[in-house]
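In: my questions concern the predicted model and sequence given below.
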Amino acid sequence: MVKPIIFCDFDGTITNSDNIISIMKKFAPPGWEALKDGVLQQKISISHGVGEMFSLLDSDLKEDIIQYVKETAGIRQGFSDFVEFTKKSDIPLYIVSGGMDFFVEPLLNDLLPVENVYCNHADFSQEEIMIEWPYTCDDQCNHGCGCCKPTIMRKLSTKDQYKLVIGDSVTDFEAAKQADFVIARDRLLEKCRTEAIPHKEFETFHDVIDILKKM
Ligand code: MG
Ligand code: ZN
């Protein structure tokens, strides 16, 4: 494998479960589920659906949400070993997340530099939480991704690099299509199977290290 570069999802990939879903389950009034279903069924764009979901929440909830995520979001087994492995092997590792900075960054702080983390920004200055999208789609993507993973991949990688995507959901699918190889679980794994995208399955990051070592 020549010059690998890794783009890794956050929610449900680095963490055991999806933090947006668990935040909504805990804090949102009824109505958020229809938005979630719309996003997962790809009937509405990610940025529209997720933006609307967060607008259901009062900005006052900020500290409670951060506390809740810190207490409940488990980091998937082997992740810190995986980060070490990429450092030792000199493989660039970027986290590309459809999540929000206020809960993504505190969970990754001790593990890798914040410059390697790409996610959305939550603004708490209004009555309801407003999501800002610093990494929207470039002119080659029209999926309304919110945090556009394919756009970030185009920006950060060169043609001669071997692009690996690690992810778990339909929200990683556009990135997976751009990748040379995908390491997947859950819904993304099903997608890779049905769409015949070159991939391997993982459950822990020790699996990921093994896959990379064998390449
Ligand atoms: Mg995910
Ligand atoms: Zn996009």
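Out: That came in fine, so what should we check first? Ligands and ions are numbered 1, 2, ... in the order given.

In: residues contacting residue 198?
Out: 180-182, 192 (CB atoms under 8 Å, 6 or more residues apart in numbering). For the C-beta atoms, the positions are set from N, CA and C on the backbone; glycine is no exception.

In: only whichever of those are buried, select them in ChimeraX.
Out: In ChimeraX, this line selects whichever of these come out buried by 16 or more other CB atoms under 10 Å:
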select :181,182,192
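
In: any idea how far residue 18 is from residue 172?
Out: Here the criterion is CB to CB, to the nearest Å. By it, residue 18 lies 12 Å from residue 172.

In: these two - which one has more neighbours?
Out: residue 172 (28 against 22; other CB atoms under 10 Å).

In: helix or strand for residue 81, which one?
Out: Using DSSP states H and E, the element containing residue 81 is helix 79-88.

In: what packs against whichever helix or strand comes after that helix?
Out: Counting by DSSP H and E, the element after helix 79-88 in chain order, helix or strand, is strand 93-100. With contacts taken as 3 or more CB pairs under 8 Å, 6 or more residues apart in numbering; DSSP states H and E, strand 93-100 sits against strand 4-8, helix 19-27, helix 46-54, helix 101-108, strand 117-123, helix 149-156.

In: quick one: stretch 161-174 near ligand 2?
Out: No: applying CB under 5 Å from the ion, one finds stretch 161-174 separated from ligand 2 by no less than 6.0 Å.

In: could you work out the end-to-end span of that stretch for me?
Out: Using CA to CA, to the nearest Å, the end-to-end distance of stretch 161-174 comes to 18 Å.

In: and that stretch, how far out from the chain middle?
Out: Distance, stretch centre to chain centre, for stretch 161-174: 9 Å (CA atoms, centre = their mean, to the nearest Å).
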